[in-house]
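Novice: sequence-free structure coming up:
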């Protein structure tokens with residue numbers, strides 16, 4: 001494998017980073033919900049997408065369940081006994 005030349009991180013590199021956060025396990029342990037946030041290079045807007053993935057073994061890809069227009073810094077997710085609640089924050 002060829003050796004890559006090291007270089008410094010640039011501002012453009014930062015726009016390629018996606019941040020995973022707000023990881024929550026369902027009450028029955030069958031699913032995990034999490035967010036992935038990115039920043040749009042042209043508009044500087046933050047965008048957050050919500051994903052759901054089963055925890056059981058097998059080849060189950062994550063399901064994209066929420067794609068807001070803009071960054072919902074006030075988006076709150078929480079599990080209830082039988083469902084996932086997605087609501088605006090305070």
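Specialist: Looks like it came in fine. The model shown is predicted, which means the values in this text are computed figures rather than measured ones.

Novice: Point out where the protein drops to low pLDDT.
Specialist: Where the chain drops to pLDDT under 70, the residues are 1, 68-75, 88-90.

Novice: center of it - which residue?
Specialist: For the chain, the residue nearest the mean C-alpha position is residue 36 (1.8 Å; CA atoms, centre = their mean).

Novice: Parallel or antiparallel, which strands does the strand or helix carrying that one pair with?
Specialist: Using DSSP states H and E, residue 36 falls within strand 31-39. According to DSSP bridges, strand 31-39 forms sheet pairs with strand 19-25 (antiparallel), strand 46-54 (antiparallel).

Novice: So which of these is the most surrounded?
Specialist: strand 46-54 (a mean of 16; mean count of other CB atoms under 10 Å). All C-beta spots, glycine's among them, are computed from the backbone N, C-alpha and C.

Novice: What's the first helix or strand after it?
Specialist: strand 63-66.
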